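Colleague: Pasting the sequence and the predicted coordinates here, then a few questions.
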Amino acid sequence: MINAQLNPERLKLARLRRKMTYIALAKATGLSSKSVAEYEKYESLFSPTPQTVALLAEKLNYPESFFYGDDIDCVSPSSVSFRSTKSLKAADQHAAEAAATLGLLINEYFENHFNLPASNLPNYRDFEPEAAAEAIREEWGLGVKSISNMIHLLEVNGIRVFSLAENTLDVDAFSFWKNNTAYIFLNTQKTGERSRFDAAHELGHLLLHRHGTPQGKDLEEEADEFASALLMPRRAIIATKMGFPTLDGIIALKGNWKVSAVALIVRMKNVGILSEWQYRTLMVEATRKGLRVSEINGVERERSMIIEKILNALKKDNVSLYDISKKLSLPVEELSNLLFRFALLQGGTGGFQSSTKTKPTLRLV
């Protein structure tokens, strides 16, 4: 049911997504900042006219229909943990949180039409990171083999993965639980190796920190330890001990686990097969060659298989990305940015037809 007047929550969401303050939006629209602030209050005594809503929609680049929709189940800021909080600007954080809320809208739409994989995530709150990594490998039947695709592994175990097209590396990745469903958002600007590590890091948060912060624990350090142990199992790394470790040898070896050279050096040191001197020497050389921000012989950045399967299935029913954006009253670029920058699907202008068919079940193979 469409509301007869502007929904304040949706106006706030669009404004935050566009990284605009009250003052910035007021300046763009010619309204007063006080008016803009009032429009975002549920208890406000006045609402904007349809002409004003149209103006707000134009400046925020959102469909007018978006602002008349029902209340949105927003992501709680307290449930999302960002890694670089000291350098992270408030506008960037709020925009990312708004993107997460849009992800919830999209996921709800997908779940209404497809049977998606159920959550298969144990609670490892009291586990040490290394033990948790070994436990989840056993739980998911991975043994000590290399994880070929982190995103596919997450999705098949019920985690919803979306992309972030944020123009800042300060928002690298984040995760949260919502109604017993886990979500991970990954920045598309990272290298393939670092994106895989980010995905493993966020999985660590979901497994270790679901029910709050353990007393005296460093959450980010724990998640890093978990990611390192998950991607590079101790037994497998120890088996690669080099007599005379070189950076070229590290670069040749890192492809086995699809990790960065720096991550492999750190892991080899932590499992005890590099001396302190060897570690420092390798890190100095890696830094000199720019391997802290880029890779030699890098891997391709991973994408969502679930989203690809969904969009392909919808395309067969003549439902395009434009149709989905119309159904959700979202800009098509928001969908594209959250769905791993898929090419816009062509064809089909109608929405879903009413049907009694059973929802198709998506499977990852």
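Modeller: Structure's in. What do you need? All values reported here derive from a predicted model rather than from experimental measurement. Numbering: from 1, shown residues only.

Colleague: Check which helix or strand residue 163 maps to.
Modeller: Using DSSP states H and E, residue 163 maps to strand 160-164.

Colleague: what is the rounded mean pLDDT of that strand?
Modeller: When pLDDT is averaged over strand 160-164, the result is 95.

Colleague: Let me see the ranges of the strands in the chain.
Modeller: If DSSP state E is used as the criterion, the strands of the chain fall at 160-164, 173-178, 181-187.

Colleague: re the thing from before, what strands flank the strand holding residue 163, and is each parallel or antiparallel?
Modeller: Using DSSP bridges, strand 160-164 pairs in its sheet with strand 181-187 (parallel).

Colleague: what angle sits between the partner strand and strand 173-178?
Modeller: 160 degrees (axes from the mean of the first three to the mean of the last three Cα atoms, to 10 degrees).

Colleague: Return the distance of strand 181-187 from the chain's centre.
Modeller: 4 Å (Cα atoms, centre = their mean, to the nearest Å).

Colleague: What are the contacting residues of that strand?
Modeller: Outside strand 181-187, the residues within contact range by Cβ atoms under 8 Å, 6 or more residues apart in numbering are 96, 99-100, 103-104, 107, 119, 121, 151, 154, 158-164, 166, 169, 171-177, 195, 198-199, 202-203, 206. Just so you know, the C-beta spots here come from the backbone N, C-alpha and C atoms, and that holds for glycine as well.

Colleague: same thing but at 6 Å, please
Modeller: The contact list for strand 181-187 (Cβ atoms under 6 Å, 6 or more residues apart in numbering) reads 121, 159-164, 166, 172-176, 195, 198, 202, 206.

Colleague: okay, it in PDB with CA atoms only?
Modeller: The C-alpha coordinates for strand 181-187 follow below in PDB (Å, rounded to 0.1, in the frame of the first residue of the first chain):
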ATOM      1  CA  THR A 181      20.000 -13.900   8.300                       C
ATOM      2  CA  ALA A 182      23.600 -12.900   8.000                       C
ATOM      3  CA  TYR A 183      24.800 -10.200   5.500                       C
ATOM      4  CA  ILE A 184      28.200  -9.200   4.200                       C
ATOM      5  CA  PHE A 185      28.900  -6.100   2.000                       C
ATOM      6  CA  LEU A 186      32.200  -6.000   0.100                       C
ATOM      7  CA  ASN A 187      33.900  -2.900  -1.400                       C
END
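
Colleague: residue ranges of the helices in the stretch 51-200 of the chain, please?
Modeller: Along the stretch 51-200 of the chain, the segments classed as helices by DSSP state H, counting those that start in this stretch run 90-113, 129-139, 150-156, 192-208.

Colleague: Deepest-packed of the ones you listed, please.
Modeller: Stretch with highest mean neighbour count among those: helix 192-208 (a mean of 24; mean count of other Cβ atoms under 10 Å).

Colleague: Just list what that helix packs against, helices and strands only.
Modeller: strand 173-178, strand 181-187, helix 219-231 (3 or more Cβ pairs under 6 Å, 6 or more residues apart in numbering; DSSP states H and E).

Colleague: if we can go back for a sec, using TSV, please lay out the helices of the stretch 51-200 of the chain together with mean pLDDT.
Modeller: Below are these laid out as TSV (pLDDT from 0 to 100):
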stretch	mean pLDDT
helix 90-113	94
helix 129-139	98
helix 150-156	98
helix 192-208	96
